[in-house]
Structures are given as structure tokens and as C-alpha cells.
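Enquirer: Any chance you can model this:
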Amino acid sequence: MVSKRKSKSKQIPIDDGFLMSPKNDFAFKLIFGDEKNKDLLIALLSAILRLPKEDFEGLEIINSELIREFVEDKKGILDVRVKTRLGRQIDIEIQILPTKFMPERTMFYWSKMYISQVKPGDPFHALKKCITINIVDFKCTPLQKVYSSYHLTEDETGYLLTDILEVHFLEMPKLVDPEIPRDENDPVVEWMEFIDAKSKGVMEMLAEKNQDIKKAYDLLQIISKDEKARMLYEAREAERRDQITWMKSAKDEGEVIGEAKGKAETICQYLEARFGVESQALQEKVRTITELDVLSRITNQIFVVAHLDEATALIQGNVVSQYKSY
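Expert: As a prediction, this is how the structure comes out:
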């Protein structure tokens with residue numbers, strides 16, 4: 001009796017002209033979070049941090065297992081975290097949905113990255129510099145600059161207390177603001193324009209100017225034809241649309257059943273949908289909040305949280321501030 005073997009169907013690349021947006025955090029990580037393309041990540045970091053590429057020799061991508069990570073936790077943050085040969089950690093995150101509390105959000109994640117380096121009993125000198133880079137699709141600073149960096153300095157003299165903290169903001173909407181100056185030949189601006197590009201023509205123009213961007217554009221065209229990658233990309237886009245819907249729902253429901261009660265109910269519905277039964281205790285906490293301004297602050301931030309512990313810290317922090325105001 002002859003045994004029949006099942007033939008594996010070979011995946012045929014899709015070629016319909018579709019191109020992923022590098023602004024989608026899934027696509028961003030496919031480009032910059034893959035060990036095979038580490039040179040692209042180094043080029044981006046070199047531009048943003050104003051350091052020669054040689055300084056990033058021996059760079060290690062800490063969270064490079066993208067597909068498994070995405071399948072296991074579709075609601076997580078798809079950031080790119082790396083460690084330099086000197087032990088310094090850098091985290092790059094794309095944030096599309098606007099939040100009024102982006103500085104607080106980035107400090108929350110910076111602090112988690114910083115303290116994760118040591119365990120109880122370790123000496124303080126084991127703590128190494130941590131850098132967060134936020135690429136955002138909304139204006140989050142009042143500065144007339146497309147990108148800005150921050151350190152821990154003394155107010156009057158500018159003395160740098162310590163270099164362990166460094167935060168960067170790249171604000172993409174400012175690229176089209178005629179009142180904000182920018183150098184079109186600045187590598188940081190070129191990378192921002194590539195990430196924010198809305199057409200192949202813009203990407204091709206940038207690829208002609210910058211060889212690193214050319215390689216990134218070539219890679220983007222390849223992954224855009226991959227059926228599995230495209231499916232996960234579209235799932236991420238659908239999730240973002242859902243978050244926008246939740247934000248609108250919070251406003252609409254508040255108008256219908258009473259603003260405070262409506263906001264509380266929408267927050268609870270969102271927690272249930274995003275974190276399931278594990279969020280029950282937190283939902284009960286939300287339903288005890290009666291102050292409209294507290295619920296408004298939570299609503300302004302809750303739809304961009306990625307983990308239950310962040311949601312818990314956000315809600316508990318606002319509850320504490322409510323009692324302090326009395």
C-alpha cells in the first residue's frame with residue numbers, strides 16, 4: 001500500500017501594490033526590530049542620538065521575537081528595546097493615538113526599564129543609562145521643534161545631575177507645520193518623513209537621498225507582500241480603529257446617561273474587552289469614582305494603556321489625587 005504524503009502549500013507573495021505604513025508599530029518592528037536588519041536600527045539610532053554608527057557595535061535587540069509575541073499578546077506594546085555593549089538600554093515606541101499625558105506615560109515606562117536592571121541587594125552602580133525614544137503622530141510639546149530631547153539638569157545652571165535619564169520626542173505632525181523650521185537634509189527629519197510617508201513617491205524620493213532609507217523601503221516592499229505579515233498588520237490596524245471607537249463611545253455614552261456615570265461605564269467596558277475577567281476588581285474601583293474631572297483624566301489616558309498593571313496604576317493614581325484635592 002502506497003502512503004500518501006500531504007503536500008505543503010507554498011505561500012505565494014501578494015503583489016497588488018499594497019504598501020504597509022511604517023507608522024504602524026507592527027510594520028515598524030518588522031523593519032527595525034529584526035536581527036537580520038540590525039543595520040537599519042543602528043542607522044535610525046545614530047540619526048536620533050547624534051552618535052556615530054560605530055558606537056552601536058555589539059548592539060543586542062532584547063525583544064526581537066515579534067510573531068510569537070504578537071500572537072500571544074495582541075494588545076501589548078510592539079516597541080523595540082535594545083542594549084548596547086556598555087549595558088545601556090534604549091526603547092523606541094511608535095504612538096499613534098493621542099494622549100494628553102504622553103510625558104507621564106513615557107516616564108512610567110522609562111522607570112520600569114530602569115529598575116528592571118537590578119534585583120534587591122544589587123549596588124546602585126549596576127544601574128545603567130536608559131533612553132526612551134517616542135515617535136508620535138500628534139503634537140505633545142509646545143516647542144517649535146520637530147524633535148526634542150530631555151535630560152535631568154539643574155534649573156538655573158543647566159548642570160547635568162546624572163546622565164542615566166534621556167528622553168526623546170519625534171512629533172510627526174510638526175513636519176507639515178510651516179511655522180516650525182526643519183532641515184530637509186537632517187537624517188532625523190528624513191527618517192521621520194519616511195515613517196510618516198503617505199505615498200510611494202515620498203518614500204522613493206527619500207530613498208534616493210539616503211541609502212539606509214532605501215534599504216528600509218526595499219524591505220518594506222518585501223514584507224508588504226507577505227501574506228502572514230499582512231494579516232497581522234491589518235489586525236493591528238483594526239485594533240487601532242477599535243480604540244478610536246472606544247474614545248468616541250466614551251464621549252457619546254457620557255452625553256446619553258449622565259457624563260460621570262457614562263464615562264465610568266465606558267471605562268469598565270473597555271477594561272473588560274481589553275483585559276477580561278482579570279480587570280473585574282479594577283472595574284469595581286472605577287464604579288466608585290464619582291468625580292467627573294477624575295473620570296475625564298482616566299478617559300484621556302486609558303485607551304492607550306497596554307497592560308493591566310499600567311491601567312491599575314493610572315486609575316489608582318487618579319483616585320489618590322481625588323482625595324488629595326479635598
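Enquirer: CA only for contacts and neighbour counts going forward, please
Expert: OK.
Enquirer: Can you tell me, leaving aside adjacent residues, what's nearest to residue 301?
Expert: Distance criterion CA to CA, 6 or more residues apart in numbering; nearest residue to residue 301, sequence neighbours excluded, is residue 99 at 5.8 Å.
Enquirer: And for residue 312?
Expert: In space, not counting the residues next to it along the chain, residue 312 is nearest to residue 282; the distance is 6.7 Å by CA to CA, 6+ apart.
Enquirer: before we move on, what about residue 78?
Expert: Using CA to CA, 6+ apart, the closest residue to residue 78 is residue 25 (5.9 Å).
Enquirer: Quick check: mean pLDDT of whichever strand or helix holds residue 163?
Expert: Per DSSP states H and E: residue 163 is located in strand 160-171. For strand 160-171, the mean pLDDT works out to 97.
Enquirer: Name the next helix or strand downstream of it, please.
Expert: By DSSP H and E, the next helix or strand past strand 160-171 is helix 187-196.
Enquirer: between that following helix and strand 160-171, how many degrees?
Expert: On the basis of axes from the mean of the first three to the mean of the last three CA atoms, to 10 degrees, helix 187-196 is oriented at 40 degrees to strand 160-171.
Enquirer: Residues contacting helix 187-196, please?
Expert: Contacting residues not belonging to helix 187-196 are listed as 21-23, 44, 47-48, 146, 170, 172, 175, 182-184, 202-203, 206, 210, 213 [CA atoms under 8 Å, 6 or more residues apart in numbering].
Enquirer: and what of stretch 94-108?
Expert: So stretch 94-108 is contacted by 23-25, 28, 79, 132, 134-138, 140, 240, 244, 300-301, 304 (CA under 8 Å, 6+ apart).
Enquirer: what pLDDT does the residue nearest to residue 78 get?
Expert: Model confidence at residue 25, given as pLDDT, is 90.
Enquirer: so how far is residue 134 from it?
Expert: Distance of residue 25 to residue 134, given as CA to CA, to the nearest Å: 12 Å.
Enquirer: Pull the contacting residues for the residue nearest to residue 315 when sequence neighbours are not counted.
Expert: Of all residues not flanking residue 315 in the chain, residue 298 sits nearest, at 6.4 Å (CA to CA, 6+ apart). By CA under 8 Å, 6+ apart, residue 298 lies in contact with 314, 315, 318.
Enquirer: right, and the residue nearest to residue 312 touches residue 313 too?
Expert: No - contact criterion CA atoms under 8 Å: residue 282 and residue 313 do not qualify, at 10.2 Å.
Enquirer: and the two? which has more neighbours close in?
Expert: Neighbour count, other CA atoms under 10 Å: between residue 282 and residue 313, residue 282 has more, with 18 against 12.
Enquirer: Assumed that one was part of a helix.
Expert: Yes - counting by DSSP: H, G, I helix; E, B strand; the rest coil, residue 282 is found in a helix.
Enquirer: Low-confidence ranges, the protein, go.
Expert: Residue ranges of the chain with pLDDT under 70: 1-16, 65-77, 243-244, 246-258, 320-326.
Enquirer: just the strands in the stretch 1-150 of the chain please.
Expert: With DSSP state E, counting those that start in this stretch as the criterion, the stretch 1-150 of the chain has strands at 60-61, 80-83, 89-95, 130-136, 147-153.
Enquirer: Give me the buried stretch members for the third one, please.
Expert: This points to strand 89-95. Residues of strand 89-95 classed as buried: 89, 90, 91, 92, 93, 94, 95 (neighbour count, 16 or more other CA atoms under 10 Å).
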